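Colleague: What follows is a predicted structure for the sequence shown.
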Amino acid sequence: MQYFRESLTLFTYLHLAPLEQLTQQMLDSGITAIAYETVEEPDGRFPLLEPMSEVAGRLAPQVGSQYLEKIHHGRGVLLGGVPGVPPAEVVIIGGGIVGSNSARVALGTGAKVTIIDKNLRRLRELDDLFQGRATTLASNSTNIADALSRADLLIGAVLVPGAAAPRVITREMIGRMKKGSVFVDVAIDQGGCAETSRPTSHSEPVSDELGIQHYCVTNISALVPNTSTYALTNATLPYLKALTDHGIEEAVTPRWLPANRREHLQRQADQPRRGPVPRPPVGPAPRELGFSQRRYVPQTQRGIRLSSIHSATSKA
């Protein structure tokens, strides 16, 4: 943080939810930080998170199949099987962008795929998308534990935007998996979705927990930097243009909000405060300022604002 100055604007992935100490250091530095992963459109989309989620989702089965190989201490199972030999069972926790892309690739190999999500409407969408080729299950501890006991490859694709990932997979559930199975926790950049998840690196990508190979690299998309860079640049360019053309305050002001809320948020930006942020006027709940209601990062504190940004021109 010694390289940061108060006039600096940092626009990148931050993933601060599980990192309270780093969050406090950023607040103390006096910078303006805008987190890619909390940029939210009025329709609820996260346009700067989506491209990396697509890349990570498509990589997860690819990486998982590698560590299922016996040479990597896996079970020695081929995802798609061969005639006369059943395919591997792939269980995906979370049916969002990561989960659906993981399912697409896993189904393409011929694997047997189960997707677990708490949103029944999303499960119906996935059932239609994959035309019934993937099994869909409502998320609860019984269904998760049962699915994990059969899984050869488990993919963690849980996301709570701007917050730490919930630990929906217990240590006991991991212990019931078949030895040599592989767990790819894509949610690790938000703290991981299992009690056994610990961050790993590209130099040492796998750790053995209870006989299960845990792949918990916090930036899995870096495996394919060319694809990732082009995908992210396509998404971020309109927002960078909004920042340079209109300035930070104008760019982060969501014009689609009712006037009373818009004016209130602008006053907060113009008059930074210490302590708790006052509640905005009664009206539709704002979804625009990514860190304004997060656990560790108040929207304004010591003159620093950490928020999401909305395009002042068009959607990415």
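Modeller: Great, that's in hand.
Colleague: make it CA atoms for all contacts and neighbour counts henceforth
Modeller: OK.
Colleague: Pairing partners for the nearest residue to residue 185 once chain neighbours are set aside in the sheet, please.
Modeller: Take residue 185 and drop its neighbours on the chain: the residue closest to it by Cα to Cα, 6 or more residues apart in numbering is residue 156, 4.4 Å away. Note on residue 156: beta-bridge partners residue 93, residue 185, judged by DSSP bridges.
Colleague: For the stretch 1-150 of the chain, which segments count as strands?
Modeller: 9-12, 32-35, 89-93, 112-117, 135-138 (DSSP state E, counting those that start in this stretch).
Colleague: Point out the most buried one among these.
Modeller: Greatest average neighbour count among those goes to strand 89-93 (a mean of 28), per mean count of other Cα atoms under 10 Å.
Colleague: what's next to it, contact-wise?
Modeller: 79, 99, 102-103, 106, 111-117, 147-148, 150-158 (Cα atoms under 8 Å, 6 or more residues apart in numbering).
Colleague: any idea how far the residue nearest to residue 210 when sequence neighbours are not counted is from residue 26?
Modeller: Using Cα to Cα, 6+ apart and skipping residues adjacent in sequence, the residue nearest residue 210 is residue 175, 5.8 Å away. To residue 26, residue 175 is 38 Å away according to Cα to Cα, to the nearest Å.
Colleague: Give me the more crowded residue out of those two.
Modeller: Counted by other Cα atoms under 10 Å, residue 175 and residue 26 do not tie: residue 26 has more neighbours, with 19 against 16.
Colleague: ok, that one to residue 163 distance?
Modeller: 17 Å.
Colleague: mind showing which ranges of the stretch 1-150 of the chain have poor pLDDT?
Modeller: Applying pLDDT under 70 to the stretch 1-150 of the chain flags the ranges 1.
Colleague: who's in contact with residue 217?
Modeller: Taking Cα under 8 Å, 6+ apart as the test, what residue 217 contacts is 185, 186, 188, 199, 200, 201, 202, 205.
Colleague: run the last query once more with 7 Å
Modeller: 199, 200, 201, 202, 205 (Cα atoms under 7 Å, 6 or more residues apart in numbering).
Colleague: residue nearest the centroid of the protein?
Modeller: In the chain, the residue lying closest to the centroid (Cα atoms, centre = their mean) is residue 159, at 5.0 Å.
Colleague: burial of the residue nearest to that residue when sequence neighbours are not counted, as a residue count?
Modeller: Among residues not flanking residue 159 along the chain, residue 165 sits closest, at 5.8 Å (Cα to Cα, 6+ apart). Neighbourhood size, residue 165 [other Cα under 10 Å]: 22.
Colleague: any idea how far residue 34 lies from residue 137?
Modeller: Residue 34 sits 36 Å away from residue 137, going by Cα to Cα.
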